[in-house]
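A.B. asks: Got a predicted structure here, sequence first:
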Amino acid sequence: MSVLPYVTAAWLLLIGLYGITTSRNLIHLVICLAVVQSSTYVLLLSVGFRRGAGPPIFYDVPPGTPAVDPIVQALVLTDIVVGATVTALLLALAVQIHKKKGSLDPERLREMRG
């Protein structure tokens, strides 16, 4: 069992969190959130991986043949769809904020509160 996928997932998570905490632009913030989301893909796929196993298609396969976990693959696909939806929603929100306020800097938006 390799530790490389877990290290990669942790690295993506830390890079994304660093970007979120130091972001000076809402678009940069959304991109960093997408990077954090991609760390969950790597983590889920590494949890469901089995060395030497085939795809989870059981038609014409003898019983007892090792296969990867199809539940984890379904969770990753669901995670991708949810991540794309959230990213699109946040980008649309950033566009509307820029139209109304003329800035994407979170510090300037905080000062504009009444």
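C.D. replies: On my side now, so go ahead.
A.B. asks: Where in this structure is the helix or strand with the lowest mean pLDDT?
C.D. replies: Least confident helix or strand of the chain, by mean pLDDT, DSSP states H and E, is helix 106-111 with a mean of 74.
A.B. asks: mean confidence for stretch 46-62?
C.D. replies: Averaging pLDDT along stretch 46-62 yields 78.
A.B. asks: switch to numbering from 698
C.D. replies: Okay, using 698 as the starting number, the last item reads as stretch 743-759.
A.B. asks: now what about it, what contacts it?
C.D. replies: 698, 702-703, 706, 762-770, 773 (CB atoms under 8 Å, 6 or more residues apart in numbering). Backbone N, C-alpha and C define where each C-beta goes, glycine included.
A.B. asks: For it, list the C-alpha coordinates in CSV.
C.D. replies: Extracted as CSV, the C-alpha positions of stretch 743-759 are listed here (Å, rounded to 0.1, in the frame of the first residue of the first chain):
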residue,chain,number,x,y,z
SER,A,743,-7.0,6.1,-2.8
VAL,A,744,-9.3,4.6,-0.1
GLY,A,745,-11.2,2.6,-2.7
PHE,A,746,-8.1,1.4,-4.7
ARG,A,747,-7.0,-2.2,-4.5
ARG,A,748,-3.8,-3.3,-6.2
GLY,A,749,-4.4,-6.0,-8.8
ALA,A,750,-8.1,-5.5,-8.8
GLY,A,751,-10.2,-5.0,-11.9
PRO,A,752,-13.1,-2.7,-12.6
PRO,A,753,-16.4,-3.3,-10.7
ILE,A,754,-18.1,-4.9,-13.7
PHE,A,755,-19.3,-8.3,-12.7
TYR,A,756,-20.7,-9.6,-16.0
ASP,A,757,-18.8,-12.6,-17.3
VAL,A,758,-16.4,-12.5,-14.3
PRO,A,759,-15.8,-15.6,-12.2
